[in-house]
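Q: take this sequence and fold it.
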Amino acid sequence: MSSEETLRLLPQLLRAGDFGGAENHLLAALKVDPEHPALNAFAAFVSSNLSKREAAINFARTAARGLELSPRSVAQAANLLAQFRHFDEALAAARAIDIAAINDPVILDQVGACFTACEAHQEAEAAYAKLVELIPNEARCRFNLAAAQRFNGNLVDAATNFDLACSSGPQAAEAAYARSLLRKAKPDQNNLDDLNRRIQMANMDPFSYASLIYAKGKELEDLNKWPEAFSAWADGARKLRLSRPYSVEPEVDAINATIDAWPLATIPYKKAELTPVFIVSLPRAGSTLLDRILSNRSDVISAGETEDFIVSLLDEPTLASLSHPVEMARQTANIDIKAVGERYRTALKRRGYSSGHVIDKTPTNFLYAGLIAQALPEAKIIHVARDPRDAAIATFKTLFRDRYFWSYDLNDLATYFSAYQCLMKHWLANWPDRIERINYENLVQNTEIEAQRMTKFLDLEWDPACLDFAKNRAAVSTASAEHVRRPVYASSIGHWKNFSGPLEAILPQLAGLRHD
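A: Sure, this is the predicted structure:
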């Protein structure tokens with residue numbers, strides 16, 4: 001069977017889910033034509049679906065070399081390489097494609113997805129903008145463009161495109177939520193009527209319903225309608241909790257197991273040419289603000305929320321076959337921690353970092369702060385703490401797609417916060433020279449003093465550029481993408497008081513948590 005005949009047969013096999021059959025045909029065709037870009041791109045996709053990671057990567061690398069013959073195959077290969085976290089190779093392949101000269105929507109969509117996965121949001125915006133030029137009425141494409149514009153701080157254009165993305169498609173409700181986040185609702189200018197109409201629609205999946213109800217809550221909050229806003233968030237949270245089984249106990253037990261598994265520090269700080277800076281915290285606790293302050297200087301770069309450390313940890317053979325969080329936490333005591341560190345350094349290099357200070361602000365890295373200190377003697381770790389009551393309401397009112405399920409129930413939230421506090425006390429007690437603590441409230445109210453203190457902790461000279469962070473043009477792909485474009489504001493301090501009634505049941509527990 002020729003290469004062309006194989007390519008004509010493949011879609012039929014893949015639609016039927018016959019990946020094994022597709023693999024057999026591809027391997028036979030590749031024996032005859034081993035450099036064929038399209039065959040290799042399909043082989044990479046098929047191998048990926050068959051969980052043959054290394055084979056998929058190798059096929060993608062071959063496909064990425066076929067730019068002159070098949071730009072579409074190169075785009076597909078770039079996207080796959082990004083999914084496998086080979087960001088350097090993915091970017092090289094994607095950047096070889098001349099976006100301005102491309103009029104194939106498939107290529108632009110694949111390249112845009114690749115750039116997004118690689119945190120290259122300026123380039124993603126360019127790819128999606130060209131895609132929207134070609135198919136302006138496709139709501140999904142508008143949504144992807146708007147998301148890139150939001151990350152890049154082009155908030156007015158993002159709001160316009162989220163408006164258009166609300167029109168139809170599975171992303172419509174999420175677009176409505178993003179639209180509400182971008183604009184402050186006013187009594188005579190809001191989306192409440194539209195949101196109420198959409199909420200009444202039948203046959204919505206739980207996430208779409210939650211997107212609309214959280215958007216409603218946000219706009220009611222803008223209008224200072226505190227009880228109504230909280231009621232909306234609670235409604236959305238209940239819907240999400242009913243959508244899948246969940247218990248907070250395994251996560252809390254895993255935190256306790258981590259404390260037992262990592263009692264003492266043994267590796268001191270060691271200066272190196274490349275300094276990873278981990279900013280850890282609860283979600284919505286101020287890590288992005290500190291990230292923006294520090295990265296507004298020329299010698300500090302933010303890599304965003306990479307999740308590279310947890311990936312490096314889970315690649316450890318001792319943990320690869322485990323799925324229960326408690327057993328995984330226990331087994332971390334038996335891992336090759338140096339190998340974890342080497343994998344993390346490799347991940348940084350794949351992102352293009354080889355020297356200087358690079359911030360990784362994945363919030364859940366607080367779970368691994370001691371492991372990070374052991375795996376990476378050259379790393380600096382900063383813990384951002386926030387008043388638990390403000391952190392609670394900030395977390396409860398935020399819609400997270402597929403994580404932090406404890407945030408959708410107030411009792412679970414308080415339970416998780418307590419476990420988090422115990423873990424951070426443990427890390428700080430055992431790694432006092434490796435972890436620096438900063439209070440969000442102090443950072444907001446005494447920005448210069450705290451920024452100078454953090455600069456000293458990083459062994460850097462003071463740079464006044466830290467105070468001009470609102471002009472930081474680097475992309476932000478977190479829930480704080482809108483807020484960090486503004487100068488420091490203190491209105492979020494004590495915001496929990498507007499919701500003291502609904503929070504009453506957990507306030508004593510939150511107030512008792514350490515925050516000094």
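Q: just the pLDDT at Ile279, thanks.
A: Looking at Ile279, its pLDDT stands at 97.
Q: go on, Ser480?
A: With respect to pLDDT, Ser480 has a value of 51.
Q: so which residues of the stretch 251-400 of the chain form helices?
A: Assigned by DSSP state H, counting those that start in this stretch, the helices in the stretch 251-400 of the chain fall at 287-294, 308-314, 317-320, 325-331, 337-350, 369-375, 388-396.
Q: which one of those helices has the lowest average pLDDT?
A: For the helices of the stretch 251-400 of the chain, the weakest mean pLDDT is recorded on helix 317-320, namely a mean of 90.
Q: so which elements touch it?
A: Contact analysis of helix 317-320 by 3 or more C-beta pairs under 8 Å, 6 or more residues apart in numbering; DSSP states H and E lists helix 325-331 as its packing neighbours. Every C-beta, even on glycine, is put in place using the N, C-alpha and C of the backbone.
Q: and the helix it packs on, what does it pack onto?
A: Applying 3+ C-beta pairs under 8 Å, 6+ apart, we find helix 325-331 packed against helix 249-261, helix 317-320.
Q: which strands and helices lie in contact with the longest helix seen in the chain?
A: Identified as the longest helix of the chain according to DSSP state H is helix 410-430. When contacts are defined as 3+ C-beta pairs under 8 Å, 6+ apart, helix 410-430 sits against helix 249-261, helix 369-375, strand 380-385, helix 388-396, strand 435-439, helix 507-511.
Q: dump the C-alpha coordinates for the first one into CSV.
A: So the one you mean is helix 249-261. This file holds the C-alpha atoms of helix 249-261, laid out as CSV (Å, rounded to 0.1, in the frame of the first residue of the first chain):
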residue,chain,number,x,y,z
GLU,A,249,-9.7,13.5,53.3
PRO,A,250,-7.2,11.8,50.9
GLU,A,251,-5.6,15.1,50.1
VAL,A,252,-5.3,16.0,53.8
ASP,A,253,-4.0,12.5,54.6
ALA,A,254,-1.4,12.9,51.8
ILE,A,255,-0.2,16.2,53.4
ASN,A,256,0.1,14.5,56.8
ALA,A,257,2.0,11.6,55.1
THR,A,258,4.4,14.2,53.5
ILE,A,259,5.1,15.7,56.9
ASP,A,260,6.0,12.2,58.2
ALA,A,261,8.1,11.4,55.2
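Q: dump the helices and strands packed on helix 325-331 to CSV, plus mean neighbour count.
A: Converted to CSV, the helices and strands packed on helix 325-331 look like this (neighbours: other C-beta atoms under 10 Å):
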stretch, mean neighbour count
helix 249-261, 17
helix 317-320, 12
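Q: sorry, back to before: ok, residues contacting the longest helix of the chain?
A: Contacts with helix 410-430, where a contact means C-beta atoms under 8 Å, 6 or more residues apart in numbering, come from 248, 251-252, 255-256, 258-259, 262-265, 282, 366-367, 369-370, 383, 385, 388, 391-392, 395-396, 405-407, 435, 437, 502-503, 505-506, 509-510, 513-514.
Q: can you give me the buried ones in that helix?
A: Residues 410, 412-421, 423-424, 426-428, 430 are the ones in helix 410-430 that count as buried (16 or more other C-beta atoms under 10 Å).
Q: any idea how far Phe162 lies from Cys118?
A: Distance, Phe162 to Cys118, using C-beta to C-beta, to the nearest Å: 23 Å.
Q: got it, and Glu4?
A: 32 Å.
Q: compare neighbour counts for these two and give me the winner.
A: Using other C-beta atoms under 10 Å as the criterion, Glu4 and Cys118 rank with Cys118 on top: 24 against 11.
Q: skip the chain neighbours and tell me the closest residue to that one.
A: Spatial nearest neighbour of Cys118, excluding adjacent residues (C-beta to C-beta, 6 or more residues apart in numbering): Phe87 at 4.7 Å.
Q: ok, the one you found to Pro276 distance?
A: 16 Å.
Q: more crowded one of those two?
A: Ranked by neighbour count (other C-beta under 10 Å), Phe87 and Pro276 place Pro276 first, with 26 against 23.
Q: quick check, the more buried one in contact with Leu348.
A: Yes: between Pro276 and Leu348 there is a contact under C-beta atoms under 8 Å: 6.7 Å.
Q: where does pLDDT dip in this structure?
A: Across the chain, the ranges flagged by pLDDT under 70 are 472-488, 514-516.
Q: quick one, strands of it?
A: Per DSSP state E, the chain carries strands over the ranges 274-280, 300-302, 356-360, 380-385, 435-439.
Q: for the first one, packing partners?
A: To tie it back to what came earlier, the one meant is strand 274-280. Other elements packing on strand 274-280 under the criterion 3+ C-beta pairs under 8 Å, 6+ apart are helix 287-294, helix 337-350, strand 356-360, helix 369-375, strand 380-385.
Q: how about TSV for these, with mean neighbour count added?
A: Listed next are the helices and strands packed on strand 274-280 as TSV, based on neighbours: other C-beta under 10 Å:
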stretch	mean neighbour count
helix 287-294	26
helix 337-350	18
strand 356-360	21
helix 369-375	25
strand 380-385	24
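Q: so which of these is nearest Leu81?
A: Nearest of these to Leu81, taken as C-beta to C-beta: helix 337-350 at 9.8 Å.
Q: can you pull up the most central residue in the protein?
A: The residue lying closest to the centre of the chain (C-alpha atoms, centre = their mean) is Glu305, at 5.2 Å.
Q: tell me how far the residue nearest to it when sequence neighbours are not counted lies from Asp308.
A: Distances taken as C-beta to C-beta, 6+ apart place Thr362 nearest to Glu305, at 4.5 Å, with adjacent residues excluded. Thr362 sits 8 Å away from Asp308, going by C-beta to C-beta.
Q: select, out of the strands of the chain, the one closest to Ala470.
A: Smallest distance to Ala470 across these (C-beta to C-beta): 14.9 Å, for strand 300-302.
Q: residues in contact with the closest one?
A: Under the contact criterion C-beta under 8 Å, 6+ apart, strand 300-302 has outside partners 277, 291-292, 294-295, 353, 356-359, 361, 458, 460, 474.
Q: if we can go back for a sec, I'd guessed the residue nearest to Cys118 sits against Arg351; true?
A: Yes: counting by C-beta under 8 Å, Phe87 touches Arg351, with 5.2 Å between them.
Q: need the overlap of contacts for those two.
A: Residues touching both Phe87 and Arg351 (C-beta under 8 Å, 6+ apart) are Cys118.
Q: from Ala146, how far off is Trp496?
A: Taken as C-beta to C-beta, the spacing of Trp496 relative to Ala146 amounts to 31 Å.
Q: ah, wrong one, I meant Ala303
A: Counting by C-beta to C-beta - Ala303 and Ala146 are separated by 23 Å.
Q: run a quick neighbour tally on Met1.
A: Met1 has 11 neighbouring residues, counting by other C-beta under 10 Å.
Q: what's the answer for Pro502, then?
A: Neighbour number of Pro502 under other C-beta under 10 Å is 19.
Q: what's the answer for Lys186, then?
A: Residues lying near Lys186 (other C-beta under 10 Å) number 10.
Q: from what I see, Pro227 and Leu503 are in contact.
A: No: if you go by C-beta under 8 Å, Pro227 and Leu503 don't touch, sitting 11.7 Å apart.
Q: of the two, who's got more company?
A: Remark: of Pro227 and Leu503, Leu503 carries more neighbours, 20 against 12, as counted by other C-beta under 10 Å.
Q: which residues does that one contact?
A: Arg389, Ala392, Ile393, Leu410, Trp496, Leu510.
Q: ok, so of the residues you listed, who is nearest Leu223?
A: Using C-beta to C-beta, Ile393 comes nearest to Leu223 of those, at 16.6 Å.
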